[in-house]
Structure formats: C-alpha cells, structure tokens
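# for reference, the sequence and a predicted model appear below.
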Amino acid sequence: MSDSLFIAGMLLLMVAMAVVSLKTVPAGMSTPAWWPNAGIAIGLGIRFRRRYTWILALAVAVVTLPVLLLLSGRPVALDVLLTVASALEMAVGALLLRGRGDRSPRFSAPGDMAKFLLVAFASSMSFALVATGAYALIDDSGATWTTLVTFALKHVAAMALLTPLFMTRIPRKQLAGIAESAARLSATLLVAAAVFLVNQRLPLAFLTFLPLAVAALRLSPRLLTFAMLGVTAIASLGSEYSMGPFAFDQHGAATGTVMLNVFQVSMATVILTLSLVVGAERDMSSRLHESEELFRKSFNSSVAGKLMVIRSAGEWVVERANPSAKDLLPGLREGIDRLDTLLGPEPTGQLSAVADTLVDGNARFTLKLTDDRSISVSVAVIGDRPEGTLFVLHFHDVTESERLRQLEQDELNRAAEIQRALVPDTLPATPGWSVGMYAATARQVGGDFYDVRVERSAIVLSLGDVMGKGMYAGMLAAATRTALRAYRPETNPSDVIKGAAHILDGDLRRISAFVTLAHVQVDMDSGHIRFADAGHGLHFVHRAGSGRVERLASDDLPLGLGDRWQEICESLGPGDMVVLLSDGVLDRWGGSIGGLEDAIAQCAFRHPVSAQAVVESLCSDADGLLDEDDVTAVALRRTG
C-alpha cells in the first residue's frame, strides 16, 4: 500500500510540475527553461526493481501526455514523440543506476556522484536525440543544435538537483542544529536573491557558491539539495524577468537558458561532491575515534596484562600499561618503564630473541621471571615509530598452572615407571620354547598390558586393552593384570577371565569402561593350548609346516559388558607359534585382518626361530603411530 501511495504521489507531483513549467515558458521559446519531471521520473524508477521500470515509464508517459497536449501548443505528433522520449529517458537512467545487481543506487561517496552524473548525461542525451529528431521532422525551425543542447542541459540539471533525493544514503549526523540550519539556508537564499533579483547585469553567479560551500560543511546533503532548489527557483525567476547574470532579454532566451542550466549543473556537482567528501571524512574520523575509544576501553579493562612497548637500540621501554599489567608488575606503579628492570635481564633477552624472528603475526611463549614466577607472553609488532619499533605484549601469570602441570607430569612419570615395573621380568629358561614381547604406549601411561608367566610345565600369556588412554586406562590395566595374577597358571582360561571380571565389575561399571582380553594357557610338554577371548579378537596361530596363519576368535564380549566366556582348544606342533596383538599393530599393517595375517606369515618366515624377532618385526616403525594407539605384541613359538 505504501508503494502505491508513493507512486501516486510522484505522478501527481509530475503533473503539477509539468503544468508550472509549461505555464512559465520564457518568451521566444517553445519549451520550458527547466523540466523537473526528468529528475522526478528517474527518482521514481530507481526506487523499484528493474522489472517494473517500463511499467513505471508507461505511467509517467500517461500522466505527462495530457498536460503537453493541453498546454504546450505544439503539434500532437510532436508531443507524443516527446512523451515517448521522456519514458525512454526514465528507463535508461533507472536501469543504468540500478545496474546488473538490481540494487537501489547509493549516493554516499564522491565516486557515487561521478557515476550518477555519467548516467544523467547518458539518459538526457537519449531524450535530447529523440526530441531533436522529432523537432526536425515535425516542427523544423532550423535550430537543431540549440534544441539538442537546451534539452540535454535542462534535463541534466533537473536530474542533478532532484534525483539524489531518491537515492540511498548512509545516515550521517548533521552538525548544525535547527537554528543554525535555518540561518545558513536563509543566508544562501538572501545571497541568491541579491545576485539574481537585485543585481541587474553583473556576472556574480559565483557568489551563491560561497554560502552553499560553507553550508556543505555543516548541513546534510538532503538539506543542501533543498537549498539549491531554492537558489534554482530564484535564478529562474530573475532570469525570466530580466534580472541577474542570465537575464533572458540580454542573452536571448535560448542562450540564457543554457547558461542557467550550466549554472545549476555546476552548482549541484560542486556542492554535493563537497558535501559527500566532507561527510566521508567525518565518518572516517568518527570511526577512527570510536575505534580508538574501543581499543582504550579494551586495553584498560582486559584481565590480561597489556603493555605497549617501544624497542629501540638495546632497550625496551614501556609506553603504555593497563591496570592488570600494573598489578602483575608492581614496578610499573613506581614509574619504572624499562622491561629489563621489570622482568629481569634474562627474560628480556628471551623476548628480544623472539622479537628478532618476528616478521608478521604474533608469537606466544612462557617466561620465567627473577622472582620465580612464570608468565605466558604473546607479542606482536604494531609498527615503526621514529624512536623505534612499537610492540604490544599480552601476558598473564601462569605460575600456579605451571606448578600444577609439573605435578601432573611428575605423577604421570611415576605412573609410567610403575607400569614399566609391571612388565614381566626375565623369564626362566623354557627349553623348546621361544617367547617374544613388545610394548610401546601412545602416551606415558597406556591402556594396553600383557603378562607372561612360566610355572613348571605351563606358560600363561595374557594381552588386554583398556578403553581409553592416560592415567585411568593405566590404572585399570594394572588392576586387570593383578586380577589375572590372582589365579594359578593351571586354572582354566575361561574361569580366570570370569573371576577377573567379577573383581573388576564394580570399577568398570562406575566409570563406564570395558577391557578386551585374551588369555592363553600352554602345556609345554604336549603343546596343547587352551584359549579364552573376551572381545579382543587379535590372536593368531602360525603353522610352520604350511605357513598358514589361523585366527583364534570368539563372539564373547569384553570385561564389563559380558558374563560368559567360552574356551577354545588347539595344539602347537614344532615350529608353530601363537601370537597375541593389540589394535595398534593392526593399524600398523593397514587396519585389515587379511593384511595382518600376511604380515605375521612374512615375519615368521624371515625369523624361523626367535619369537622376539617376530614381534619386533611386526611392531617395527610403531613409534610413528603412537599418537593413534598403543602397540603391544606377545608371541610364543614351539622350537622343539
């Protein structure tokens, strides 16, 4: 509804302006001295999307033609062609100003003014060429050039003074108040009246630029436009009544009109450009001020210490410090501004070394002060100054967090030592059998664990993996290994796993964890093995005779998830080998069971005697994968 009212209002205004213009045609001319409808029409066109342009142009033609037919006194065909030219002019100007992006044109910077003037000349020339051709065909008066020039200039003048009122502007604060604005507008109109109504012949039109230029420093572009419209009305009135520098009786109606239009275009171009430049500079100054205020507030209110420091030859001097920095470095409150005094010579030297390598961006590091405090420092280059290079330092005290981190590290180191101590010691001699063991953790404390026990004619192998890594996984691994050792080697593997699960069940449920586990019992005399799998699945037997690798696995669940574990029985002949592996070894060989089985066969073939050589070959280069998972392997080969 608001768009419809706006369109209706503009069309009615165009009717009124057309009537006034045609009623005030200068003596000796067949066309008005000024045609404001050119500026209003393009202003209407740029307010709406491109697809409505020709519809609006048709509406402009419909309301303009009747007025021309009634008041112009020209041939009907000529008025029709001039109406068509007006619609074409509006369409060309609106389409060019909206551009391919079909956006409302901006009028906020000097570049916008330049683009607008180019479009204004282009669209006015489209009208002038059609109008000149129409006059040449229908009302040949022999003044083709005069017609072309007068039509082009009067339409450009109308666009320069009226169309910017319809364009999108960046809101700008007007410096002048109501009283000052009224005074400046009054002064402008009084000077215009003196030049165009009182002055008879002297070329003093330039004087009107003076109050307008001063007003451009304080008034908004919109208010300036209304002031220039007032000057235009006064200049037109004076010129028609033989007053002022453009008096029609002195120069002739056509020449006076051209001079008047040139004055209008020049006035709009100079004053509006000046206003846009001043506004842009004022906006930039305002943004810089706001940015400086924001920086000052941020600098002073930051909980981190901040210093602006000048580095010159051989010294760092504090230029600015926020309250947090003064709390962290009390010497600042005492007026000390040298960093080597505030931080100490050695920390300042470390800072200088970092700054020497800093080209762009920033660097972060930790400094140990002379008072045994630790501070985390971030340093960045701001720029060069006459007295040296300006740096900004952000820092905060990390003494307590460093101490806590060191305590945690010490605890991890001790836990790692304990976990290493739980690795089976040197095994007793096992004639006819070869044992291999390998373990590398992704962190200091891992979730993988293994155990090998030899008692009389029995060997027990265990390998497990606790969900997760770190301290908790290491603690559960140690607890699981201890629970397994609570049973004698001759105990059935399924009973051992069931008993360990019972011991650990409460802890596993409390922390929502589980443990995968393989437990193997081997009779060294007969080579008979009994095996239980609690969701681990990476257990293999390599057959020396055929070179085949057999996977031993079940569907039983891990400790913490299941409650029943079946037992698998196999036999190892001479040269056969049982291999227990962790997920890390599987990843080492591409993550597929088939690839791992091929790797076991290859390693066993290359090392036909030593089980230790086999596991080391399987786990070779495992250190490169330790960020992913622990790598653990246990192998037992029957050699006799």
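Noted; the coordinates are in hand. Numbering: from 1, shown residues only.
# only C-alpha atoms for contact and neighbour calcs from this point on.
Fine.
# isn't Met228 right up against Leu161?
Yes. If you go by Cα atoms under 8 Å, Met228 and Leu161 touch, sitting 7.3 Å apart.
# pull up the overlap in contacts between these two.
Residues touching both Met228 and Leu161 (Cα atoms under 8 Å, 6 or more residues apart in numbering) are Ala268.
# biggest helix in this structure by residues?
Using DSSP state H to define each element, the chain has its longest helix at helix 253-301.
# buried ones in the next helix or strand after that helix?
Where DSSP states H and E defines the elements, the next helix or strand beyond helix 253-301 is strand 305-312. By neighbour count on 16 or more other Cα atoms under 10 Å, the buried set for strand 305-312 is 305-311.
# any chance of the residues you listed in CSV, with distance to Lys326 and pLDDT too?
CSV is the format used below for the buried residues of strand 305-312 (distance: Cα to Cα, whole Å; pLDDT from 0 to 100):
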residue, distance to Lys326, pLDDT
Gly305, 8, 85
Lys306, 9, 88
Leu307, 9, 87
Met308, 13, 88
Val309, 14, 89
Ile310, 17, 90
Arg311, 19, 90
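# elements contacting the longest helix of the chain?
helix 110-138, helix 144-162, helix 209-216, helix 221-240, helix 248-251, helix 323-328 (3 or more Cα pairs under 8 Å, 6 or more residues apart in numbering; DSSP states H and E).
# most tightly packed of those helices?
helix 144-162 (a mean of 23; mean count of other Cα atoms under 10 Å).
# give me the low-pLDDT residue ranges for the stretch 101-250 of the chain?
Counting by pLDDT under 70, the stretch 101-250 of the chain has low-confidence residues at 139-147, 170-174.
# make it 80
139-150, 168-176, 199-201 (pLDDT under 80).
# widest-spaced pair of the buried residues of strand 305-312?
Largest separation among the buried residues of strand 305-312 by Cα to Cα: Gly305 and Arg311, giving 18.2 Å.
# export the helix or strand that Leu367 is a member of to CSV, keeping only CA atoms.
Per DSSP H and E, Leu367 falls inside strand 362-368. The C-alpha coordinates for strand 362-368 follow below in CSV (Å, rounded to 0.1, in the frame of the first residue of the first chain):
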residue,chain,number,x,y,z
ASN,A,362,52.5,-12.9,16.8
ALA,A,363,54.4,-15.3,19.0
ARG,A,364,53.5,-16.9,22.3
PHE,A,365,55.9,-18.3,24.9
THR,A,366,56.5,-18.5,28.6
LEU,A,367,59.0,-16.5,30.6
LYS,A,368,60.5,-17.3,34.0
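# at the geometric centre of this structure, which residue do we find?
Nearest to the mean C-alpha position of the chain, by Cα atoms, centre = their mean, lies Gly361 at 17.0 Å.
# and the closest residue to Leu82 other than its chain neighbours, what does it touch?
Using Cα to Cα, 6 or more residues apart in numbering and skipping residues adjacent in sequence, the residue nearest Leu82 is Ala131, 5.7 Å away. Contact partners of Ala131, counting by Cα under 8 Å, 6+ apart, are 81-82, 85, 148, 151.
# in a helix, Leu636, correct?
No. Counting by DSSP: H, G, I helix; E, B strand; the rest coil, Leu636 falls outside a helix, being strand.
# contacting residues for the spatially closest residue to Val262 that is not a sequence neighbour?
Closest residue in space to Val262, ignoring its immediate chain neighbours: Leu153 at 6.9 Å, by Cα to Cα, 6+ apart. Contacts here follow Cα under 8 Å, 6+ apart; on that basis Leu153 touches 124, 258, 261-262, 265.
# next one: Val317
309-311, 337-339.
# mind checking the SS state of it?
strand.
# how much space between it and Met167?
52 Å (Cα to Cα, to the nearest Å).
# any chance you could map the helices in the stretch 301-450 of the chain?
Under the criterion DSSP state H, counting those that start in this stretch, helices of the stretch 301-450 of the chain are mapped to 323-328, 339-343, 345-356, 399-421.
# lowest average pLDDT across those helices?
Note on the helices of the stretch 301-450 of the chain: helix 399-421 shows the lowest mean pLDDT, a mean of 64.
# ok, back up a step: what lies in contact with the strand holding Leu367?
By Cα under 8 Å, 6+ apart, strand 362-368 touches 347, 350, 354, 374-381.
# relative to helix 345-356, how tilted is that strand?
170 degrees (axes from the mean of the first three to the mean of the last three Cα atoms, to 10 degrees).
# in strand 362-368, what's buried?
366-368.
# what would the residues you listed look like in a markdown table with distance to Thr53?
Listed next are the buried residues of strand 362-368 as a markdown table, based on distance: Cα to Cα, whole Å:
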| residue | distance to Thr53 |
| --- | --- |
| Thr366 | 66 |
| Leu367 | 68 |
| Lys368 | 72 |
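# pull the number of nearby residues for the residue lying closest to Ala458 once chain neighbours are set aside.
Once flanking residues are discounted, Ala458 sits nearest to Asp523: 4.9 Å by Cα to Cα, 6+ apart. When neighbours are defined as other Cα atoms under 10 Å, Asp523 has 17 of them.
# list phi and psi for Asp523.
phi -90, psi 110 (degrees, to the nearest 10).
# one more: the one 5 residues further on?
When quoted as degrees, to the nearest 10, the phi and psi of His528 stand at phi -70, psi 140.
# pretty sure Trp97 sits in a helix.
Not Trp; residue 97 is Leu. Yes. Remark: Leu97 belongs to a helix, assigned using three-state DSSP.
# that one contacts Pro105, doesn't it?
Yes. Leu97 is within contact range of Pro105, at 5.9 Å (criterion: Cα under 8 Å).
# give the intersection of the neighbour lists for those two.
Joint contacts of Leu97 and Pro105 (Cα under 8 Å, 6+ apart) are Ile46.
# OK, contacts around the residue located most distally from the centre of the chain?
Distance from the centre of the chain peaks at Asp525, with 71.2 Å (Cα atoms, centre = their mean). For Asp525, the contacting residues are Ser457, by Cα under 8 Å, 6+ apart.
# tell me the secondary structure at it.
Asp525 ends up coil, using three-state DSSP.
# shouldn't Phe449 be in contact with Asp465?
Yes. Here Phe449 reaches Asp465: they are 6.5 Å apart, a contact under Cα under 8 Å.
# hey, what's in contact with both of these two?
If you check Phe449 and Asp465 against Cα under 8 Å, 6+ apart, the residues they both contact are Ala477.
# what's the biggest strand in this structure, counting residues?
strand 374-385 (DSSP state E).
# how about it: buried residues?
Within strand 374-385, judged by 16+ other Cα under 10 Å, the buried ones are 374-381.
# and that strand, which strands flank it?
strand 362-368 (antiparallel), strand 388-397 (antiparallel) (DSSP bridges).
# got the contact list for it?
355, 358-369, 389-399, 402.
# for that strand, the distance to its chain's centre please.
A distance of 24 Å separates the centroid of the chain from that of strand 374-385, by Cα atoms, centre = their mean, to the nearest Å.
# that strand vs strand 305-312, what angle?
Using the same axes, to 10 degrees: strand 374-385 against strand 305-312 is 50 degrees.
# now strand 374-385: mean pLDDT?
86.
# now swap in stretch 290-297 and tell me
On average, stretch 290-297 scores 73.
# quick one: buried residues of that stretch?
Judged by neighbour count (16+ other Cα under 10 Å), stretch 290-297 contains no buried residues.
# for Arg456, see how far away the residue nearest to Ala458 is.
Distance from Asp523 to Arg456, by Cα to Cα: 9 Å.
# and Ala325, by the same measure?
Taking Cα to Cα, one finds Ala325 at 71 Å from Arg456.
# also Gly93?
105 Å.
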